[in-house]
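A.B. asks: Need a 3D model of the sequence below.
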Amino acid sequence: MDSNYFGITDVGKVRGNNEDTFVAQKIAGNELVLACVIDGVGGYAGGEVAAAIAKETIQMQLSKPSGDILQLMRNAITEANDRILSAKQQEKAHEDMACVLTIAIADLSNNLFYYAHVGDTRLYLLRDNSLIKISKDQSFVGFMEDSGRLTEEQAMLHPKRNEINKALGFPGSINGQEEDIETGQSPFLPGDMILLCSDGLSDMVNKESITGILLKDFTLEQKGKALIDLANANGGRDNITVVLVTNDKATFVHEATKPKSEARKRKTITNPAHLGSEQTSRAQLNPEITTPERAVSERLIPENKKKLNPILLILAFVVIAAIAYFFWNQQSPETKPTLIPDSTVVEPSQAFKLQDTLNKLKGNILILDTTMFKSPIMITEPIKITRDSLYLRAQRNLVIKSDTGYKGPAFLISPSNKSTLLENFTLENVIDNSALQKKGVLLKNVNFIRTDIPAVKPK
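C.D. replies: Numbers count the residues shown, from 1 in each chain. As a prediction, the model looks like this:
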């Protein structure tokens, strides 16, 4: 096995058999790495059978991928689901069998990975010492955890943590709908690592402990075995499976350039994975010249500037107030400005509410209720992200639009930020997207739309 990928599975301390299986291999003439974790459910023999069917189908369907990789992954999962349903009808003892899985295909030459997911197996990305959960558990407890209603510790101990909403082999579970199979793609930069695992690991070992092991100066094999050992030490209540893939190319950075705009009325880019490529923004390379707050704070104050006499200040204030009162009384009632009573409450802007919510956020996950935050959120200044990591997701697609005349970025991300994941946003007429090109920024279902470019008239 090559040094940049490794897979391992273990029966655990409680179960009598292992219903988990995995795939970790080179495909497409050694150009890509196929990684997959499959967790079988449904009885002593049934879970193993379902997992074996899924594994065989995945390997067969994805051994020579070409064209739309995400669609190929969906097709492979749908085919595996159909085969499991057919096998259930032929064997009465296996009528309850099913499985859940997570697949990833790493394209190291293009610094990308693609993934597809059903159930509660998981996909994590390790970047810059931060571990980010990419997949969403298709379960009640998983939803509660992802939305911040349960802490990780509460979810790990919840009595319904093993109840899943989607699985291959559940009748009506995979119907070709987009929400049935979670898919996506992400930059996979030099130095990045992805972890695929069954819930036998994630229910036994918290994210902090997983991160600690992955950051050790171990080989992938040593890291995989260490994760298995820790899950067993914590109880090993289920089968445990781990697959690791790393982009072991030498890390490097170079300055980002803005994308060129074509002269047409409407331009749309969907899920631009290239925005998260191994580029760093100008703010990373030279924060002194691109961070407005720092520039203001470092303005020099003349050393010979003397304090004003307090008595002179009071006299000046009295004179100014008297002049203002005189001119006020000279105006006719029609020309006097209308004062807003103190009791009038001015509704804060959507952008202000979003910034205020981010500033008061205690954790690192914020799910925006789109009944509270309505499209479009008009911005006249960037939304500032100052914490070291953030997962910001809108329940439904939320438009952030540059107000007339504003040419700056939609987001200003602190140089100390290690990872930011944005999901379900449309950025409209945002010209400067350099902040989203920095290393550590992931985009999922993020669209870029320009409606301010004049249409080109035909000759």
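A.B. asks: Below-threshold pLDDT in the stretch 301-450 of the chain: ranges please.
C.D. replies: Within the stretch 301-450 of the chain, the segments meeting pLDDT under 70 span 301-313, 315, 317-319, 321-322, 324-348.
A.B. asks: Could I get the full set of helices for it?
C.D. replies: In the stretch 301-450 of the chain, the segments counted as helices under DSSP state H, counting those that start in this stretch are 310-330, 350-360.
A.B. asks: Just the CA atoms of the shortest one, as PDB, please.
C.D. replies: Going back to what we said before, that points to helix 350-360. The C-alpha trace of helix 350-360 is given here as PDB (Å, rounded to 0.1, in the frame of the first residue of the first chain):
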ATOM      1  CA  GLN A 350     -29.800  42.200   7.900                       C
ATOM      2  CA  ALA A 351     -26.000  42.700   7.500                       C
ATOM      3  CA  PHE A 352     -25.800  44.200  11.000                       C
ATOM      4  CA  LYS A 353     -27.800  41.400  12.500                       C
ATOM      5  CA  LEU A 354     -25.600  38.800  10.800                       C
ATOM      6  CA  GLN A 355     -22.400  40.500  12.000                       C
ATOM      7  CA  ASP A 356     -23.800  40.900  15.500                       C
ATOM      8  CA  THR A 357     -24.800  37.200  15.600                       C
ATOM      9  CA  LEU A 358     -21.300  36.200  14.500                       C
ATOM     10  CA  ASN A 359     -19.700  38.400  17.100                       C
ATOM     11  CA  LYS A 360     -21.800  36.800  19.900                       C
END
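A.B. asks: Check the offset of that helix from the chain's centre.
C.D. replies: 19 Å (CA atoms, centre = their mean, to the nearest Å).
A.B. asks: And it, what does it pack against?
C.D. replies: strand 365-368, strand 377-379, strand 383-385 (3 or more CB pairs under 8 Å, 6 or more residues apart in numbering; DSSP states H and E). (C-beta placed from N, C-alpha, C; glycine too.)
A.B. asks: Can you give me the buried ones in it?
C.D. replies: Residues 350-351, 354-355, 358 are the ones in helix 350-360 that count as buried (16 or more other CB atoms under 10 Å).
A.B. asks: where does the stretch 1-150 of the chain dip in pLDDT?
C.D. replies: Along the stretch 1-150 of the chain, segments meeting pLDDT under 70 span 1-2, 43-45.
A.B. asks: 80 - rerun?
C.D. replies: Under the criterion pLDDT under 80, the flagged ranges of the stretch 1-150 of the chain are 1-2, 42-45, 93, 146-147.
A.B. asks: ok, residue 78 to residue 57 distance?
C.D. replies: Residue 78 sits 10 Å away from residue 57, going by CB to CB, to the nearest Å.
A.B. asks: who has more neighbours, the two?
C.D. replies: residue 57 (21 against 18; other CB atoms under 10 Å).
A.B. asks: for the helix or strand harbouring the more buried one, packing partners?
C.D. replies: Assigned by DSSP states H and E, residue 57 falls within helix 46-62. Counting contacts by 3+ CB pairs under 8 Å, 6+ apart, helix 46-62 packs against strand 20-27, strand 32-41, helix 69-90, strand 98-107.
A.B. asks: Now distance to residue 198 too, for those, in JSON lines please.
C.D. replies: Formatted as JSON lines, the helices and strands packed on helix 46-62 follow (distance: least, CB to CB, whole Å):
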{"stretch": "strand 20-27", "distance to residue 198": "5"}
{"stretch": "strand 32-41", "distance to residue 198": "4"}
{"stretch": "helix 69-90", "distance to residue 198": "17"}
{"stretch": "strand 98-107", "distance to residue 198": "8"}
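A.B. asks: Identify the residues contacting residue 422.
C.D. replies: By CB atoms under 8 Å, 6 or more residues apart in numbering, residue 422 lies in contact with 392-393, 411, 436, 441-444, 446.
A.B. asks: Nearest to residue 168, out of those residues: which one, please.
C.D. replies: Residue 168 has its nearest neighbour among the contacts of residue 422 in residue 444, at 23.0 Å by CB to CB.
A.B. asks: That closest one - how many residues pack around it?
C.D. replies: Other residues lying near residue 444 total 18 when counted by other CB under 10 Å.
A.B. asks: Of the helices and strands packed on helix 350-360, flag the one that's most buried.
C.D. replies: Stretch with highest mean neighbour count among these: strand 377-379 (a mean of 20; mean count of other CB atoms under 10 Å).
A.B. asks: helices or strands up against that strand?
C.D. replies: Secondary elements touching strand 377-379 (3+ CB pairs under 8 Å, 6+ apart): helix 350-360, strand 389-402.
A.B. asks: Could you list every helix and strand in contact with the last one?
C.D. replies: Using 3+ CB pairs under 8 Å, 6+ apart, the elements in contact with strand 389-402 are strand 130-133, strand 365-368, strand 377-379, strand 419-428.
A.B. asks: Any chance of the ones you listed in a markdown table with distance to residue 208 as columns?
C.D. replies: Converted to a markdown table, the helices and strands packed on strand 389-402 look like this (distance: least, CB to CB, whole Å):
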| stretch | distance to residue 208 |
| --- | --- |
| strand 130-133 | 8 |
| strand 365-368 | 15 |
| strand 377-379 | 33 |
| strand 419-428 | 15 |
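A.B. asks: on that earlier part again, could you export the contacts of residue 422 as JSON lines, including distance to residue 162?
C.D. replies: Below are the contacts of residue 422 laid out as JSON lines (distance: CB to CB, whole Å):
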{"residue": "392", "distance to residue 162": "29"}
{"residue": "393", "distance to residue 162": "25"}
{"residue": "411", "distance to residue 162": "37"}
{"residue": "436", "distance to residue 162": "37"}
{"residue": "441", "distance to residue 162": "34"}
{"residue": "442", "distance to residue 162": "28"}
{"residue": "443", "distance to residue 162": "32"}
{"residue": "444", "distance to residue 162": "26"}
{"residue": "446", "distance to residue 162": "33"}
